[in-house]
Structure formats: C-alpha cells, structure tokens
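Chemist: build the 3D model from these lines:
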Amino acid sequence: MRLLVVEDDRLLNNTLCYNLTAAGYEVDAALTQSAAEQFCRKQEYDLIVLDVNLPDGNGFDLCRDIKIRRPDTAVIFLTANDMESDMLKGYELGADDYVTKPFPISVFQKKASALLARIRKQSGGDHIPILKPSTVWDICGLEAVTDEGGKTFGY
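Modeler: Prediction:
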C-alpha cells in the first residue's frame, strides 16, 4: 500500500515516514501543500496523513481537492488544531480520522494500521502489515537513528 505524509515539521514527518516504512508500506513525504499536490498528480495513494496548517496553504483545501479526484483515498488529519469545529470540518471533508498533536506514536500507528487493514480487506488484499512501535528518534543529539536490526535510517 502506498502512503503520503504531508507534514511541515521535518522531524515529525521523518518519524512518521520511518515508522510507516518500517511497517512495510511505501511512503512518500511532502513538507508543503505544493509538494503534496505534485505527488498526487503523479501517484495514487491509499492513505494520506495530512497536517492542517501548511506553510503554503491548508490541509482542508488539499483534502477537498484530493477527494474530488480520488474519493476512495483515506485521509488522517494530523494537527495541533483541537477545536471541535476544525475536527467536524475535517470529517465533513471526508477524513477517516483526526489526530491532534501531541500524540503517542503508538496510538497513531494503531489508528493507521486499523484503517489500512480495512482498506486492504475491502480491496480484497490478503496481506495486512501490522504497525509496531519502533526506535524513537534522538531529537536532542542528532545522532544516527537505527532500527531494531541496527540498520541506520537517519540522523
């Protein structure tokens, strides 16, 4: 399954991509709305993890555009906006979930795993990767980050 993470916080974007890739998904990363739009013109996604506040636009508008072109694409909003009206707007635009920051990565992983399992089942797929908590990034020292097997992933 192919996923797109649209999050302008580089560390959070990298962390999400790392965890999703480690779980066996193909993941693309965008830091801006324009980069996400370029990815969406070239590739279809099963799930888009989408921040609401982006430096060059907002995730609500991007979600609306995505749902017009591909209504079956799943969307999880990931944002610091915790107002009820924002949550309702996200769901009204077709979001499958709305996760407010800060959040435990293990909870996000379970939400994404459940959603992707449902998508896989509906599409007739038989292999459902299970997301597992993995190495937490060392955000203070910018040291090498490795997975459980010792493979270096980033800094």
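
Chemist: what's the biggest helix in the chain, counting residues?
Modeler: Among the elements of the chain assigned as helix by DSSP state H, the one spanning the most residues is helix 105-122.

Chemist: in that helix, what's buried?
Modeler: Counting neighbours by 16 or more other CB atoms under 10 Å, one finds that the buried residues in helix 105-122 are Ile105, Phe108, Gln109, Lys111, Ala112, Ser113, Leu115, Leu116, Ala117, Ile119, Arg120. Any C-beta I mention is one placed from the backbone N, CA and C, and that applies to glycine too.

Chemist: adding distance to Lys67, write those out as TSV.
Modeler: What follows is those, written out as TSV (distance: CB to CB, whole Å):
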residue	distance to Lys67
Ile105	26
Phe108	21
Gln109	24
Lys111	19
Ala112	19
Ser113	22
Leu115	15
Leu116	18
Ala117	21
Ile119	15
Arg120	20
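
Chemist: name the helices or strands packed onto the longest helix of the chain?
Modeler: Applying 3 or more CB pairs under 8 Å, 6 or more residues apart in numbering; DSSP states H and E, one finds that helix 105-122 makes contact with helix 10-22, strand 47-50, strand 74-79, strand 97-100.

Chemist: how about the longest one as CSV, C-alpha atoms only?
Modeler: What follows is the C-alpha trace of helix 10-22 in CSV, where atoms were taken according to Å, rounded to 0.1, in the frame of the first residue of the first chain:
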residue,chain,number,x,y,z
ARG,A,10,10.5,17.9,9.3
LEU,A,11,11.3,15.8,12.4
LEU,A,12,7.7,14.6,12.8
ASN,A,13,7.5,13.9,9.0
ASN,A,14,10.7,11.8,9.1
THR,A,15,9.5,10.0,12.2
LEU,A,16,6.1,9.1,10.7
CYS,A,17,7.7,8.0,7.4
TYR,A,18,10.3,5.9,9.2
ASN,A,19,7.7,4.1,11.2
LEU,A,20,5.4,3.5,8.3
THR,A,21,8.2,2.3,6.1
ALA,A,22,9.4,0.0,8.8
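
Chemist: tell me the pLDDT of Gly154.
Modeler: The pLDDT attached to Gly154 in the predicted structure is 43.
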